[in-house]
Every structure is written in structure tokens, then in C-alpha cells.
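Chemist: My questions are about this predicted structure, shown below with the sequence.
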Amino acid sequence: MSTSLLYHMFGIRGYEYRRTDFIEGRVCFSIEQPRERYRCSECGSAGVHAQGHKERFLQTVPIGLKPTFICLKVARVICFHCEHTRQVKVPFADPRRTYTHTFERYALELSKCTTIQDAAGHLGVSWDIIKDIQQRNLHRRFGKPKLKNLKEIAIDEIAIGKGHAYFTVVLDLRSGAVVYVGDGKGVAALTAFWKRLRASRAKVQAVATDMSKAYIRAVRDHLPKAVHVFDHFHVLKLFNEKLTAFRRELYRELTDEGQRQVLKGTRWLLLKNPENLDPRRNEQQRLEDALTLNTPLTVAYYLKEDLRQIWQQKDKATARLVFQDWIRRADVSGIRMLQQFARTLEEHRHGILAYYDYRISTGPLEGINNKIKTMKRQAYGFRDKEFFKLKILGLHQTKYALVG
């Protein structure tokens, strides 16, 4: 084998080929470093004297289906310059690793299109080796995202498993990159983020969150000059939850079995947007029958439709008028659920209308959440939390698909 072949195939230069062995279905290339190339691994001095050696077997990229190894004697030298005895540096492999840099790059390429288990099976190594390669690569690239250029961010929690397990995620809305993943949810989960944000001296202009009191307090304390926008998707979601509970309450109050049957099964019809009702399933007629039956339900339903208009106006002044009109109509409806929700909106008026100052939301985090679900299915879950966080931090440069 020529020296150029060693370099172009395996990324090895400065070594000489000696022989090839075939052992139990594996290919082993023996190479040797000329004595004149010995250098001190600490100071780089050529003034060294050999003091024995240690053999290393390093796995490299396979040839066809054959596992391929590099066998070499790593010299131990005494340096006359710094007066220390050390092994010479192996430029094509990291210390205490059983594989070369080219093997590591090949494993990372495989990981883009297959699972860790499949990549490990193809390369004939353990699952832990492929995971360790991925984890070190992710930590190097995404371990400490730069926060200096943050301008608009979104904060929300995502469920990562059963038992109320959550991560709090901070998203850069301009780049689409996750810049922080914290354990749990609430104020404590963001402590490390605020510390790093202060150190970076970032000038955050706007923050999008839900109407959680914990997020309101955290943003007020740490970003007092930023515009705090309450995510309109969460506002609509909260109203839908109230509407579902209201329908359930009305169902329990009904005594006529015929009326109960009309109202039963209309939960999703009430939550759907009118344009999404399926005429083939007679959903429009079923909804109209339920609304005709109960006047309070009709009022709540049409106020739900009007609630969306707050975020569909041409400017903030018009939106403020629509907002005030909705509050007034909900208040005079006499329905306790609507009156309570109107008071909630009134308390958060400033953050809701701030949408017209910065048209941002936590919507992009839903896309991140969907990617996380796909990633979990592909890997059958993640037991290593730190590895899972690194995978989330790198999601903006990753494409996931479930393939058969």
C-alpha cells in the first residue's frame, strides 16, 4: 500500500506502511512512524530520545463489509527540552480512543440517516461508542450557544415524558435555533439562562411567552426593557379549555335525554374553526343543532370566533377597540365563565396588544416540539438527559423522518 493511499483513504500522513494482516474477518494495516518524525507531544521539540513503545489498534472506516484496523507502535520518548517522558502524539486519533478521526466522521455521517443502534451494528462497535461520538460532536458544536446577538426570543415548556417531566426551552425567533434547555418548568428552570444572558450583554428587544405568572415575573425581573408579548395561541387554547369545561357543565345540568344526546360528542365541533368543519360528516348541522338547543353555549361559541379577530387587525389602535368590545360583550353576557375570562384578558391587556409592536409568538416552539417527538420515536426515548438536551440544541440543523 502506498503512503498516498494511507492519507487519502484513512487520513494518515507521516507514517510508512509495513504489512497487511487478515485476522478473523478483519483487515489490519500495520504502519510505523520514522524516528526522525518523533516529536514531544507537549512542546513539539524534535530533541527527543526513544524509550520504548506501546502498541495501539485503532478502528478506521471499513473496506466493504470488512472491519478495518490500523496497528502502530506509539513511541515513548524523553524530551531534552522540557525534560519529560511522554508518548508521541498520534495526529489521526484522539488519546484514549479506540478509533480514528476518519472513523468518527464516517459514524457521524451514518447517524444522519439511521439510528444509533443501526450505525453501531453496521460498524461492528457498541452502541455506547456511537453515542459518545455523537455527544462529543454535539457538545463541540452546540454545547454553549452564543447569546450575544439575541433580539427576539420565545420561552415555553415542553413535555418530555410521563410523570410530569418537562424541559423549559428558549428559542431564538430570528435564527430558529434553540439556545437554552433547562430542567423542569417555572422560574428555577431559567436561572442559568439569565446568568449567561447577562454575561453575554445581549440586547433582547421582545419576549414571547404564555400568560404564566412565573414567566411574567421572570421577564419583568431580568428583561425589564424588553416588550413582553403574550402568545395568542396560548390565549385561544386557554379559552378552548374553558369552553370545553363549560360544555361539560351544561351537559350535566340537562335532564332531558334527547337534549343530552344532541350536546354529547360536540366537544371537537365547538373547538374547530368553522372553515374546518367537514360537510361529509354533517358536522355543520350537528353544531347548529347543539347551539340552537342552548343559548349560553351559542354566546360562548361565537365569542370564541370573535376572539381571534383581536390578532387580525391592521394596527394596534383598531385591535384595542376590538379587544375592548370583546371584553364588554363577555361582561354583559351574564355567563360566569365568560366574565372570568374577560377579567383575565383585562389583566393581560398590555401583553396581548404588544403583538402589534412585535408580531412574535411561541408557535415555532410547536415545530420544535414535533421534531422532539419524532426524534424520541426514532431513538425509542432518551435516558441520558444531557445527551437529550444536546440533541434539542442541534435540532435547527437536523432533519428527522420516520422511515420503514
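Modeler: Perfect, I can see it now.
Chemist: May I see the domains of this structure written out as residue ranges?
Modeler: The chain breaks down into these domains under automatic domain parsing: 1-97, 99-142, 152-231+383-389, 232-356.
Chemist: In CSV, list those along with mean neighbour count and distance to residue 374.
Modeler: Bear in mind the C-beta positions are built from the backbone N, C-alpha and C, glycine included. Listed next are those as CSV, based on neighbours: other Cβ atoms under 10 Å; distance: least, Cβ to Cβ, whole Å:
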stretch, mean neighbour count, distance to residue 374
domain 1-97, 15, 29
domain 99-142, 17, 12
domain 152-231+383-389, 17, 13
domain 232-356, 15, 21
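Chemist: any idea how far residue 393 lies from residue 119?
Modeler: 21 Å (Cβ to Cβ, to the nearest Å).
Chemist: Sorry, slip of the keys, the one I care about is residue 15.
Modeler: 28 Å.
Chemist: List the contacts of stretch 177-192.
Modeler: Outside stretch 177-192, the residues that touch it by Cβ atoms under 8 Å, 6 or more residues apart in numbering are 145, 147, 150, 153, 155, 157, 166-172, 193, 196, 214, 217-218, 368, 385, 389, 392-393, 395-396.
Chemist: How about stretch 118-128?
Modeler: Outside stretch 118-128, the residues that touch it by Cβ under 8 Å, 6+ apart are 59, 62, 67, 99, 103, 106-107, 110-111, 114, 116-117, 129-130.
Chemist: and residue 74, that's in a strand?
Modeler: Yes. With DSSP: H, G, I helix; E, B strand; the rest coil as the criterion, residue 74 is assigned to a strand.
Chemist: how about CSV for the domains of the chain, with mean pLDDT and distance to residue 364 added?
Modeler: Shown next, in CSV, are those (pLDDT from 0 to 100; distance: least, Cβ to Cβ, whole Å):
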stretch, mean pLDDT, distance to residue 364
domain 1-97, 88, 37
domain 99-142, 91, 17
domain 152-231+383-389, 91, 6
domain 232-356, 81, 11
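Chemist: which one of those lies closest to residue 362?
Modeler: Closest approach to residue 362 among those is made by domain 152-231+383-389 (4.4 Å; Cβ to Cβ).
Chemist: Return the distance of the longest helix belonging to the chain from the chain's centre.
Modeler: In the chain, with assignment by DSSP state H, the single longest helix is helix 232-253. Its chain's C-alpha centre and that of helix 232-253 lie 30 Å apart, by Cα atoms, centre = their mean, to the nearest Å.
Chemist: Which neighbouring elements make contact with that helix?
Modeler: helix 257-263, helix 267-271, helix 295-307, helix 336-347 (3 or more Cβ pairs under 8 Å, 6 or more residues apart in numbering; DSSP states H and E).
Chemist: again, only this time at 10 Å
Modeler: strand 206-209, helix 257-263, helix 267-271, helix 283-293, helix 295-307, helix 336-347, helix 349-353, helix 363-379 (3 or more Cβ pairs under 10 Å, 6 or more residues apart in numbering; DSSP states H and E).
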